[in-house]
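Asker: sequence first, predicted model second:
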Amino acid sequence: MLYWLTLLSDGGDFFNLFRYITFRAGGAFLTALVFGFLFGKPLIAVLRKRQGKGQPIRDDGPESHFIKAGTPTMGGLLIVGALLTSTLLWARLDNPFIWIVLFVTMSFAAIGFMDDYAKVSKQTTAGVPGRVRLLLGFVIAAVAAYWAAQHHPEALHNRLALPVFKDTLINLGYLFVPFAIIVIVGAANAVNLTDGLDGLAIMPVMIAAGTLGVIAYAVGRVDFTEYLDVHYVPGTGEILIFTAGIFGGGLGFLWYNAPPAAVFMGDTGSLALGGALGAIAVSTKHEIVLAIVGGLFVVEAMSVIIQVLYFKRTGKRVFLMAPIHHHYEKKGWAESTIVIRFWIISLILAMIGLATLKVR
């Protein structure tokens with residue numbers, strides 16, 4: 001919205017700054033951060049009053065989690081609110097990719113909100129049936145995938161780009177939309193599975209979002225794409241503003257989610273942020289890089305899949321408990337140790353993901 005202040009510019013004054021994506025990304029970061037600090041305490045107070053007993057704690061979970069009973073959930077509302085406000089203020093609203101990622105984020109936030117509401121209102125860990133959540137997620141992702149494909153350059157239309165073999169494009173044809181659905185829905189649910197310890201999910205999300213934001217800015221500039229030898233996708237540079245909002249909103253939320261958490265993200269936040277990462281990857285044609293940058297989320301999701309499949313076949317467990325962060329809790333690792341080590345892994349994976357921009 002503030003981009004339109006450039007109409008008041010003569011080319012060499014303050015208003016000219018609003019032309020620059022990097023300046024507006026900084027504004028989005030600060031806006032989201034301030035939003036989090038301003039509305040964090042009031043929101044937590046409202047959630048605590050409305051929810052009473054807070055988020056239900058699983059009976060079969062780690063024993064250390066029982067002391068968290070009474071902690072309110074739906075803290076993702078703080079992140080989503082900060083993200084939406086900062087993006088609408090600082091991004092160009094005539095950019096289709098901004099609306100694609102906002103559509104996915106807000107839609108998955110709505111699914112997560114319904115799930116969280118069902119849990120706290122009925123005081124059960126069941127929430128909305130998994131099949132209903134998946135069906136809604138598939139529909140949302142299908143719309144976003146088709147929408148994004150319509151705005152990709154002709155040379156990249158319905159094609160999968162590879163991060164290292166940059167001259168190779170795999171023509172998926174009609175399979176592109178199903179593939180993109182898997183990326184978006186998979187990312188949403190992987191982040192959701194990771195959100196099991198105080199501060200565990202939000203920092204890796206911020207790291208992944210920051211990395212994808214840099215990539216989006218690079219692939220949206222023809223001069224950068226020529227130097228880095230990556231595919232040019234006009235318009236994706238604006239996504240940097242969106243990811244700056246995730247980073248600022250994430251920090252604001254982490255202030256209250258740091259151990260011991262005053263509020264949980266809930267499905268409202270985890271599904272929204274995971275879906276956002278998937279939508280960014282599809283928009284920028286970096287779906288494979290998302291699997292690297294978000295490798296922690298992939299491992300968390302795979303640990304659940306492996307555990308379920310192996311148990312159904314043998315009646316035995318591979319991990320003491322899935323997702324894998326609970327496995328380490330059962331082994332006696334302190335919660336803070338798991339969280340910080342997983343943050344470190346996320347940073348390493350982000351560096352690897354950025355390195356693919358130049359590796360050939």
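Answerer: Now that the structure is in, tell me what you want to look at.

Asker: for L169, phi and psi?
Answerer: In terms of degrees, to the nearest 10, the main-chain angles of L169 are phi -120, psi 130.

Asker: within the helices and strands, which one has D198?
Answerer: For D198, there is no helix or strand it lies in under DSSP states H and E.

Asker: how many residues are close by F103?
Answerer: By the measure other Cβ atoms under 10 Å, the count of residues near F103 is 16. Bear in mind the C-beta positions are built from the backbone N, C-alpha and C, glycine included.

Asker: quick check: the gap between it and P204.
Answerer: According to Cβ to Cβ, to the nearest Å, F103 and P204 sit 23 Å apart.

Asker: hey, where'd the helices end up in the protein?
Answerer: 21-51, 76-90, 96-122, 130-150, 176-194, 202-219, 222-228, 239-257, 266-284, 287-293, 295-314, 324-330, 335-355 (DSSP state H).

Asker: identify each buried residue in the second one, please.
Answerer: For helix 76-90, burial by neighbour count (16 or more other Cβ atoms under 10 Å) applies to 76-90.

Asker: for that helix, name the packing helices and strands.
Answerer: helix 21-51, helix 96-122, helix 239-257, helix 266-284 (3 or more Cβ pairs under 8 Å, 6 or more residues apart in numbering; DSSP states H and E).

Asker: so A322 touches F311, yeah?
Answerer: No: with contacts counted by Cβ atoms under 8 Å, A322 stays clear of F311, the gap being 9.3 Å.

Asker: let's have the helices and strands packed on helix 76-90 in a markdown table, adding distance to A148 and mean pLDDT.
Answerer: Below are the helices and strands packed on helix 76-90 laid out as a markdown table (distance: least, Cβ to Cβ, whole Å; pLDDT from 0 to 100):
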| stretch | distance to A148 | mean pLDDT |
| --- | --- | --- |
| helix 21-51 | 19 | 95 |
| helix 96-122 | 5 | 94 |
| helix 239-257 | 11 | 97 |
| helix 266-284 | 5 | 97 |
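
Asker: and G173, which of those helices is closest to it?
Answerer: helix 266-284 (15.8 Å; Cβ to Cβ).

Asker: that closest one: how far from the chain's middle?
Answerer: 4 Å (Cα atoms, centre = their mean, to the nearest Å).

Asker: distance of the closest residue to K166 other than its chain neighbours relative to L134?
Answerer: Of all residues not flanking K166 in the chain, D229 sits nearest, at 5.5 Å (Cβ to Cβ, 6 or more residues apart in numbering). Counting by Cβ to Cβ, the gap from D229 to L134 is 38 Å.

Asker: hmm, P163 and the residue nearest to K166 touching each other?
Answerer: No: in this structure D229 lies outside contact range of P163 using Cβ under 8 Å: 11.0 Å.

Asker: which of those two has more neighbours?
Answerer: Between D229 and P163, counted using other Cβ under 10 Å, the more crowded position is P163 (20 against 12).

Asker: starting at the chain centroid, how far to the helix or strand bottoming out on mean pLDDT in the chain?
Answerer: Lowest mean confidence among the helices and strands of the chain (mean pLDDT, DSSP states H and E): helix 222-228, at a mean of 90. Helix 222-228 has its C-alpha centroid displaced from the chain centroid by 26 Å (Cα atoms, centre = their mean).

Asker: again, but for stretch 73-90
Answerer: With Cα atoms, centre = their mean, you get 12 Å for stretch 73-90.

Asker: dump the C-alpha coordinates for that stretch into CSV.
Answerer: Once non-C-alpha atoms are left out, stretch 73-90 reads as follows in CSV (Å, rounded to 0.1, in the frame of the first residue of the first chain):
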residue,chain,number,x,y,z
THR,A,73,-3.0,-21.9,22.2
MET,A,74,-3.9,-20.1,18.9
GLY,A,75,-0.8,-17.8,19.4
GLY,A,76,-0.4,-18.1,15.6
LEU,A,77,-3.0,-15.4,15.4
LEU,A,78,-0.3,-13.0,16.5
ILE,A,79,2.1,-14.1,13.7
VAL,A,80,-0.6,-14.1,11.1
GLY,A,81,-1.9,-10.7,12.2
ALA,A,82,1.6,-9.2,12.1
LEU,A,83,2.3,-10.8,8.7
LEU,A,84,-1.0,-9.7,7.1
THR,A,85,-0.6,-6.1,8.4
SER,A,86,3.0,-5.7,7.4
THR,A,87,2.5,-7.2,3.9
LEU,A,88,-0.6,-5.1,3.1
LEU,A,89,1.2,-2.0,4.2
TRP,A,90,4.5,-2.5,2.5
